[in-house]
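1. my questions are about this predicted structure, shown below with the sequence.
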Amino acid sequence: MSKFNQSGKPILIAEDLSWRVQNTNILDNLNFSVNAADFVGIIGPNGAGKSSLLRCLYKKYQPSSGSIHFLNKPLKDYSRKEIAQHIAVVLQEPPTQFELTVLDVIRMGLIPKKALLSFDSSEDKQAIDEAASSVDLHEKLGQPFNSLSGGEKQRAMIARAILQSPRLLLMDEPTNHLDIRHQLEVLQLAKTMDTTVIVSIHDLNLAATFCDHLILLDQGKIVAQGSVLEVLSQQNIQQVFGVSAEIDQQPFSKKIRISFDLQAQSGASNE
């Protein structure tokens, strides 16, 4: 099994993980481990299995074969409440059925840690305010959740996850509906949450900037995993995404930058 960081102790281990729908393998024999405080990106083209993998990691889907261990315990043995106490999830499409205020939605992050029907303490209220402020929604706490834009809804769900104080944060394409400023802020916020993060992400340059390690999926299989430099090679990008790329250094973060050769793509499409 491949480990990203040989020096740490994994908090999550997937062994021979497969998930099938009827006779089709969506995830095929995945092996990886994630250490505490890792920021891991799951990348790959549409249909690669990124969202399906995340759903297996919070027990939305049951693996067809193989196993997932979380905090030295089989994930299948966790109750729903235990999952909520340890794992926070931010989905690609924020729920739209909430007939609640933004405050109510964010406050849901407290539920796994509180007794039934208990009232909010002054510390709870302060934590809610801080979580809302961290995603630039403090002024909208009293508004109906359904009145928010798509990007604002996503930020509210991230504030809910912050309030949950999880051991593991799973994020499925969290930047999809966000403008550039809020894309950067949300990922930076997740990176400073003092928790382990696994995020599926389309933008390879955002992945290169924020992730410590990457898992590259294609057709449900792991093509490469490891450091950003190891995974985001010209060869891997060409093989998996079918795009010619040049890799250099970003001027600000000094992380790698990927530039795509649009002329090469245009020439290939005209052949």
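-> Cool, the structure landed.

2. just give the number of residues close to residue 124.
-> 16 (other Cβ atoms under 10 Å). C-betas here are computed from N, CA, C, even on glycine.

3. shouldn't it be in contact with residue 111?
-> No: proximity of residue 124 to residue 111 does not meet the contact threshold set by Cβ atoms under 8 Å, at 11.1 Å.

4. what about the longest helix in the protein?
-> helix 150-164 (DSSP state H).

5. now do it: everything it contacts.
-> The contact list for helix 150-164, computed with Cβ atoms under 8 Å, 6 or more residues apart in numbering, reads 84, 88-91, 94-96, 102, 105-110, 112-113, 127-128, 131-132, 134-137, 140, 145, 148, 169, 171, 174, 176-179, 182, 186, 189-190, 193.

6. mind redoing it with 7 Å?
-> The contact list for helix 150-164, computed with Cβ atoms under 7 Å, 6 or more residues apart in numbering, reads 88, 90, 94, 102, 105-106, 108-110, 112, 127-128, 131-132, 134-137, 145, 148, 169, 174, 177-179, 182, 186, 193.

7. in that helix, what's buried?
-> Of the residues in helix 150-164, 151-164 count as buried by neighbour count, 16 or more other Cβ atoms under 10 Å.

8. whichever helix or strand comes after it pairs with which strands?
-> Scanning the chain past helix 150-164 towards its C-terminal end, the next helix or strand to appear is strand 168-172 (assignment: DSSP states H and E). Each strand pairing with strand 168-172, determined using DSSP bridges, is listed with its direction: strand 87-90 (parallel), strand 196-200 (parallel).

9. for the record, mean pLDDT for strand 168-172?
-> Within the predicted structure, the mean pLDDT of strand 168-172 is 97.

10. swap in stretch 34-48?
-> If you average the pLDDT values across stretch 34-48, you get 97.

11. that one: which residues count as buried?
-> In stretch 34-48, residues buried by neighbour count (16+ other Cβ under 10 Å) are 34-35, 38-44, 48.

12. can you show me the CA trace of it as CSV?
-> Taking only C-alpha atoms (Å, rounded to 0.1, in the frame of the first residue of the first chain), the coordinates of stretch 34-48 have been written out as CSV:
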residue,chain,number,x,y,z
VAL,A,34,-3.9,9.5,4.8
ASN,A,35,-2.1,10.8,7.8
ALA,A,36,-3.4,13.3,10.4
ALA,A,37,-3.3,16.9,9.1
ASP,A,38,-2.7,15.9,5.5
PHE,A,39,-4.4,18.0,2.9
VAL,A,40,-5.1,15.5,0.1
GLY,A,41,-6.5,16.4,-3.3
ILE,A,42,-8.4,13.8,-5.4
ILE,A,43,-8.1,14.8,-9.0
GLY,A,44,-9.0,13.3,-12.4
PRO,A,45,-11.4,13.8,-15.3
ASN,A,46,-15.1,13.7,-15.2
GLY,A,47,-16.3,10.2,-14.4
ALA,A,48,-13.0,9.2,-12.8
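
13. related to what we said a few turns ago, strands - which of the contacts of helix 150-164 land there?
-> Members of the contacts of helix 150-164 lying in strands (criterion: DSSP state E): 88, 90, 169.

14. what number of residues lie near the first one?
-> This points to residue 88. Neighbour count of residue 88, defined by other Cβ under 10 Å: 27.

15. go on, the second one?
-> Other residues lying near residue 90 total 24 when counted by other Cβ under 10 Å.

16. domain assignment for this structure?
-> Residue ranges of the domains in the chain are recorded as 10-227, 233-271, according to automatic domain parsing.

17. got phi/psi on the nearest residue to residue 167 once chain neighbours are set aside?
-> Taking Cβ to Cβ, 6 or more residues apart in numbering, and ignoring the residues beside it in sequence, residue 167 has residue 86 as its nearest neighbour in space, at 4.7 Å. As for residue 86, its main-chain torsions (degrees, to the nearest 10) stand at phi -120, psi -30.
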